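Trainee: Got a sequence here, can you build the structure:
(chains A and B)
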Amino acid sequence: MSNIVVDKSKVPWWVSNVIVPLVNLTLALLVSGLFVFIAGENPIEAVKLIIYGSFGYIQGFAYTLYYTTNFIFTGLAFAVAFHCRLFNIGGEGQAYIGGLGVFLVAINLSFLPVPIVWLLAIFGAFLFGAAWAYIPAYLQSKRGSHVVITTIMFNFIASSLMIFLLVDVIRDTNQMAPHTVKLPEEIWLPSFEAFSGILGIKIRYSPLNLTFLLAIASLFFVWFLVWKTKWGYEMRAVGHNTQAAIYAGISPHKNIIIAMCISGGLAGLLGVNEILGVSHKIQAGFPAGYGFTGIAVALMGRNHPIGILPAAFLFGILYQGGSEVTFEMPNITRYMFVAVQGLIILFSGALENLFRPQIESFFVRRLNREVNL
Amino acid sequence: MVSPILELTDINKSFGHVQANKNINLKINKGTIHGIIGENGAGKSTLMSIVFGLYQANSGSIKINGKEINLRSPRDSIINGIGMVHQHFMLVENFTVLENIILGFEGETVFGEKLQKAKEDLEKLCQTYNFNIDLDATISDLSVGFRQRVEILKSLYRGAEILILDEPTGVLTPQEVDELFKILRSLKDEGKTIVLITHKLIEIMDLTSEVSVMRQGEMVGHTKTEDTSKEQLAEMMVGRSVLLRVDKKEIKKGETIFKVNNLSVKDDLDVTRVKDVNLEICSGEILGIAGVTGNGQTELLEALSGIRKVESGSIELFGEKISDQNNFLNPRMLKEKGLAHVPEDRQRMGLISDFKAHENLIFGYHDQEPYSKSAILNNKEITEYSNKVMQEYDVRPNSPNLITSNFSGGNQQKIILSRELNENPKVLLVGQPTRGVDIGAIEFIHQRLIDMRDKGAAILLASVELDEILSLSDRIIVMFDGKIVGEKENKNVTDRELGLLMAGVA
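Mentor: Numbers count the residues shown, from 1 in each chain, chains lettered A, B, ... in the order given. Okay, here's the model as predicted:
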């Protein structure tokens, strides 16, 4: 246990919000490098491959941004709930059910004008994700069942429910695999190739699509909601001090439910990217762990949209660059990158306070010395 | 002169801005029962936690048997013969008595010889002090009184010569209290030293031979118990050191606007804390509630402000019933009706320490214009308002964007006060308005309350500071054990009279 006491008011914002995450990240990458070395490959080469894979050519970069889109949604989802001091671990399940929402709306309303279908599908994703988060939220606020436990359970329930639906109810009957029919092509969200074609650049397929802009809009939405509206204000009040919130006439029950529903809704938007943008059908297990990784994204990004954007981008780089590495380096498997993600979660989440006191006190001392000079 | 077994010199301890212990000096003689009395929050428990090594003092020295020692952890204290029984027991519920007592001092990896030895030693101890405990009983099967004995036995087994008991009777039934006192007396007869922390005067008079009084983090007196009386101790506890002067005009009493009928209120543990209280407040009047902390004032204020449910009885505002056992208006609705509340615990309830000052300045009023319009916070208005009001109330530093926990207690209090007074409430409930606030701010706050009264507000002021009650109130009621035990016009009433009522002896 560290006994360093730092006067928080003297710590400049950039130390706690930039330097500390960077140090934690660097450590995670150093340990990852060690793993790569033990696996018999050159860590420097691996880093080069990651950078090339995610930035080196336009298609790679498009992939990076596609992953970033998903991480923005799930990272924001975790962050919104966290401002009300709720650990929503259920982003995975909420995203899954959100995907169901997109699909049902899109397939049933595809006769409407295309932009309206898009809007309704986005709304459907949000609504379904929110509904899936509502149940744990209700149980937390009325019954005191801890939302960490219930949201984890709801991930499993979501997964079982979707498998059931994909096998028995909405499966494409011409196929053996558990997925639905494809949505009609007219209502697919325009992909990056379509845009680049207009600009005269020709690239091969990439999954990046218009949802990326929705993700950027969501960053603004969350920032505005949490810091500029009375709803965000009340959510934060409940999160920081429930007693005081009651004193001020703010209902903790109501705010727990609002925060969780918005959180679930944001996770649900992942379905827009995956279904309306990329695969155009529901496939079993499409959230593929983005919901969980979102937790790390939010923790790294200090639960602020300005932090979540670079954190989501970083994970996008790791995903895309990582797959490049596994192609080129036979000794490095896909699971190696799961381990790297794990290390980042470990260092920027669980061990977040490992070096914080030392780093902060170092800067406080240095800055004070400058002032004294 | 007997040399003291425990001697504390100039102990200081602060938590952030709050100084919990200020230059404490204390001598405790061997083989005595020494009482430390003071209200909740007076710093008794902090002081004893320092002696037990749970906290480290910022400065000062601790001597045991004349030798200066450095206590960095409870283990150091135990080695030096200090044992402590906490208010909340530190026992593993599903372990037996024996397992709990040897926990951390097992002395062997595989239980065998030493466990047997420990058991024999403990049985001997039990006999000596007449503890009557089954060492193989599981803690969860034992009553509270017996659990406490296990704690005492644990300390003795670890070689405690000085035994500190923190509010030991709070959780006991009267019979259990008698049993405990018997044990403590027999411990004293065997030469052990006992330090009893309490806020109950009757225990001090019954049990101790010497007593030290603490108030607001300071040691305000030491005396032999036989040389003092309950009344004198009560006066010392609530204090009247600083004489405060407030300019107060003659009262211009209006009509009754706030009325409480036969009100009873329970706390979170379902204990009735307010018992059949009746009171009325007129416009232009300050009604003071005097009383030692924990006699129902907190629950009364919470019920009146719509935070706590009413068990029975009713509350009326302007002749309209706002609360009874079936319905109550929530704080926000009450605010709209012109009732404001300055809560007694600002950290726990009055504000959110992690919020910026400007966010706390609108707390509870955040959804009203001009601070927000159609749910969107109007930052420009809020900042302008914050700048203005912080200047008016002389909040230092005058920076609305500073996180609230960085302000001193007095300035935090000013933030709350400015917020609650700004809307010109018709009824103002105020709890401990100057707790932990420096003298300058106290005068300022008092003046503001008087101004509100002169403007025609009905003010209910609960305070443990008799001075504050005496200098501000027009009328005074005294609460003891949840009941109103006295009501006086504030003319020629003496603090001695009030002190007697507060101690429940009049």
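Trainee: how about the residues of the stretch 301-450 of chain B near chain A?
Mentor: For the stretch 301-450 of chain B, the residues in contact with chain A (CB under 8 Å from any CB of the partner chain) are B:305-307, B:330-335, B:341, B:343, B:348-355, B:359, B:363-364, B:366-367, B:372, B:375-377, B:379, B:402-403, B:406. Every C-beta, even on glycine, is put in place using the N, C-alpha and C of the backbone.
Trainee: Only the buried subset of those, as a PyMOL command please.
Mentor: Buried residues among those (16 or more other CB atoms under 10 Å in any protein chain shown), as a PyMOL selection:
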select buried, chain B and resi 305+306+307+331+332+334+335+341+343+349+350+351+352+353+355+359+363+364+366+367+372+377+402+403+406
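Trainee: Tell me which of the residues of the stretch 301-450 of chain B next to chain A fall in strands.
Mentor: Here DSSP state E is the test, and these give B:341, B:372, B:376, B:377 as lying in strands.
Trainee: and those as CSV, adding distance to residue A:209 and pLDDT?
Mentor: Converted to CSV, those look like this (distance: CB to CB, whole Å; pLDDT from 0 to 100):
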residue, distance to residue A:209, pLDDT
B:341, 53, 95
B:372, 37, 89
B:376, 31, 93
B:377, 34, 93
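Trainee: Among these, which pair sits farthest apart?
Mentor: B:341 and B:376 (26.8 Å; CB to CB).
Trainee: Quick one: name the residues of the stretch 251-373 of chain A near chain B.
Mentor: Counting by CB under 8 Å from any CB, the residues of the stretch 251-373 of chain A near chain B are residue A:251.
Trainee: Neighbours of the residue of the stretch 251-373 of chain A found nearest chain B, how many?
Mentor: Proximity of the stretch 251-373 of chain A to chain B (CB to the nearest CB) peaks at residue A:251, 7.9 Å away. By other CB atoms under 10 Å in any protein chain shown, 16 other residues sit near residue A:251.
Trainee: What sits closest to whichever residue of chain B sits closest to chain A if chain neighbours are left out?
Mentor: Using CB to the nearest CB, the closest approach of chain B to chain A is made by residue B:332 at 2.8 Å. Closest residue to residue B:332 apart from its sequence neighbours, by CB to CB, 6 or more residues apart in numbering or on different chains: residue A:249 at 2.8 Å.
Trainee: Quick check: phi and psi on residue A:111?
Mentor: phi -70, psi -20 (degrees, to the nearest 10).
Trainee: Around it, count how many other residues there are.
Mentor: With other CB under 10 Å as criterion, residue A:111 counts 8.
Trainee: quick one: it from chain B, how far?
Mentor: 35 Å (CB to the nearest CB, to the nearest Å).
Trainee: What lies in contact with stretch B:227-239?
Mentor: B:37-39, B:42, B:199, B:201-202, B:204-205, B:211, B:213, B:215-216, B:220-221, B:292, B:464-467, B:495-496, B:499-500, B:502-503, B:505 (CB atoms under 8 Å, 6 or more residues apart in numbering or on different chains).
Trainee: So which of the residues you listed belong to helices?
Mentor: Assigned to helices by DSSP state H, the following of the contacts of stretch B:227-239 qualify: B:201, B:202, B:204, B:205, B:466, B:467, B:495, B:496, B:499, B:500, B:502.
Trainee: Residue B:38 is in contact with the first one, correct?
Mentor: No - taking contacts as CB atoms under 8 Å, residue B:201 lies outside contact range of residue B:38: 11.2 Å.
Trainee: Counting neighbours, go ahead and name the busier of these two.
Mentor: residue B:38 (28 against 24).
Trainee: Give me the pLDDT value at the more buried one.
Mentor: pLDDT for residue B:38: 81.
Trainee: same deal with residue B:94?
Mentor: pLDDT, read off for residue B:94, is 89.
Trainee: With residue A:153 instead?
Mentor: Reported pLDDT for residue A:153: 97.
Trainee: cool, residue B:136 as well?
Mentor: 91.
Trainee: Determine the three-state secondary structure at it.
Mentor: With DSSP: H, G, I helix; E, B strand; the rest coil as the basis, residue B:136 sits in coil.
Trainee: Off-centre distance for the helix or strand hosting residue B:261?
Mentor: Following DSSP states H and E, the helix or strand that holds residue B:261 is strand B:256-266. Chain-centre distance of strand B:256-266: 24 Å, with CA atoms, centre = their mean, to the nearest Å.
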